[in-house]
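Novice: here is my input, please return the structure:
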Amino acid sequence: MSSGTAIPSMPFTWTPQNKTLLCSLATGPKHTELLRIMAPTAAYYALRHKMDCLVMPFRDRLDPSRPPAWDKVILIRHALSLYDTVIWIDADTIICDPARDIQAVLDPRFSMHLVLHPYNGKVTANTGVWICQNHTATFELLENVWNHTACIHHPWWEQAALMDLLGYDLKTWTFHAPTPYTHLVQYLDEEWNCRPEQGGSPVIKHFLSNKKKPHRMLDSYNRFLKEIGEGGAL
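Specialist: Below you'll find the predicted structure:
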C-alpha cells in the first residue's frame, strides 16, 4: 500500500521521460489478445506526441482481491505521482487517427477528462478513456473511488464508483445532482472514446460489449497502418 493511501502500490516503478503517460494493462488471455492489437497504436501515438507509453500484459493481478477493472485505479494513482497527466485507455480501444493530439483538447483547470456514452437512451461517463491530471483533488477523488466498496463487484466496477461520486444515479443511469466532485470533470467530444456504432471520425474507437472484438479491432488496426503509411498487417 502506498503511503497515505488505501490504494495498493505498484510492484515496480520507472523514471519518466515526458510529462504525460499513455497507459493500459491487461490480465488473462482474452484481454491480453486485445492489448496486443491495441499496443502498437498506443506506442506510435505516444512517440508522435511526446508522451511516455506503458502498455503491459500482466500475468498476476495488482490486487487479486478485486475484479481486474480495479487495477487501472492502482496504475493511474501510482503514475500520477510521476507525471503531470496520465491518460488511461482500455485494452479494447484502438487509436484510429494518430495525427490528433488529445493533449491539445485538455483543460488543465479540470482534474479529470472523460467522454459520455449513450446507454439505453441516456448518457453515462465511461472510463475506457480516462485522463487524470496531477491535482490534489484528483488524488482525493481516486481515493474515494477506491474506497467505494459498495461498487467493488458492481458490473461497471470502478466506473460505477466514479459515476456515483460525480452525481449519477446507478439505478437509472441518469445524472441526479451535483456533488463536491462534479465540477472536477470536463467531458470531451465522443470522438475521443467512440463506440463503433456511433460512426463519425473517431480518434479513439472503443469496442466495448462487442462479440467480434478481435476481428473488428484488427480491421481498425490495419486501417491505422494505412493511415501511418505502413504495409504490414497483424
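Novice: when you work out contacts or count neighbours from here on, use the C-alpha atoms and nothing else.
Specialist: Will do.
Novice: what ranges do the strands span in the protein?
Specialist: Ranges of strands in the chain, per DSSP state E, are 20-27, 52-58, 85-89, 93-95, 112-119, 122-133, 168-169, 174-175, 185-188, 204-206.
Novice: could those go into TSV alongside mean neighbour count, distance to residue 104 and mean pLDDT?
Specialist: Below are the strands of the chain laid out as TSV (neighbours: other CA atoms under 10 Å; distance: least, CA to CA, whole Å; pLDDT from 0 to 100):
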stretch	mean neighbour count	distance to residue 104	mean pLDDT
strand 20-27	23	12	98
strand 52-58	18	16	96
strand 85-89	25	12	99
strand 93-95	27	16	97
strand 112-119	19	12	91
strand 122-133	21	13	94
strand 168-169	18	28	94
strand 174-175	16	28	89
strand 185-188	16	11	98
strand 204-206	26	15	97
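Novice: what about the longest helix in this structure?
Specialist: helix 29-48 (DSSP state H).
Novice: which of the strands of the chain sits closest to residue 64?
Specialist: Residue 64 lies closest to strand 20-27 among these, at 10.9 Å (CA to CA).
Novice: so where is this structure shaky, pLDDT-wise?
Specialist: Applying pLDDT under 70 to the chain flags residues 1-3, 210, 231-234.
Novice: do that again at 90, thanks
Specialist: Residue ranges of the chain with pLDDT under 90: 1-4, 11, 58-60, 117-124, 172-174, 196-201, 208-213, 227, 229-234.
Novice: neighbours of the closest residue to residue 96 other than its chain neighbours, just the number please.
Specialist: Nearest residue to residue 96 in three dimensions, chain neighbours excluded: residue 203, at 5.1 Å (CA to CA, 6 or more residues apart in numbering). Applying other CA atoms under 10 Å, we find 20 residues neighbouring residue 203.
Novice: equivalent analysis for residue 202, please.
Specialist: 21.
Novice: out of the strands of the chain, which is closest to residue 69?
Specialist: Comparing these by CA to CA, strand 20-27 comes nearest, at 9.0 Å.
Novice: what sits up against the closest one?
Specialist: 32, 35, 42, 46, 50-61, 68, 72, 79, 83-91 (CA atoms under 8 Å, 6 or more residues apart in numbering).
Novice: coming back round to it: could you export the longest helix of the chain as PDB, CA atoms only?
Specialist: The C-alpha trace of helix 29-48 is given here as PDB (Å, rounded to 0.1, in the frame of the first residue of the first chain):
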ATOM      1  CA  PRO A  29      -5.700 -14.400 -22.400                       C
ATOM      2  CA  LYS A  30      -8.800 -12.700 -23.700                       C
ATOM      3  CA  HIS A  31      -7.800  -9.100 -22.700                       C
ATOM      4  CA  THR A  32      -4.100  -9.800 -23.400                       C
ATOM      5  CA  GLU A  33      -5.100 -10.600 -27.000                       C
ATOM      6  CA  LEU A  34      -6.900  -7.300 -27.300                       C
ATOM      7  CA  LEU A  35      -4.000  -5.400 -25.700                       C
ATOM      8  CA  ARG A  36      -1.600  -7.000 -28.300                       C
ATOM      9  CA  ILE A  37      -3.700  -5.500 -31.100                       C
ATOM     10  CA  MET A  38      -4.000  -2.100 -29.400                       C
ATOM     11  CA  ALA A  39      -0.400  -1.700 -28.200                       C
ATOM     12  CA  PRO A  40       1.300  -0.600 -31.400                       C
ATOM     13  CA  THR A  41      -1.200   2.200 -31.900                       C
ATOM     14  CA  ALA A  42      -0.600   3.400 -28.400                       C
ATOM     15  CA  ALA A  43       3.200   3.200 -28.800                       C
ATOM     16  CA  TYR A  44       3.200   5.100 -32.100                       C
ATOM     17  CA  TYR A  45       0.800   7.800 -30.700                       C
ATOM     18  CA  ALA A  46       2.800   8.400 -27.600                       C
ATOM     19  CA  LEU A  47       6.000   8.700 -29.500                       C
ATOM     20  CA  ARG A  48       4.400  11.100 -32.000                       C
END
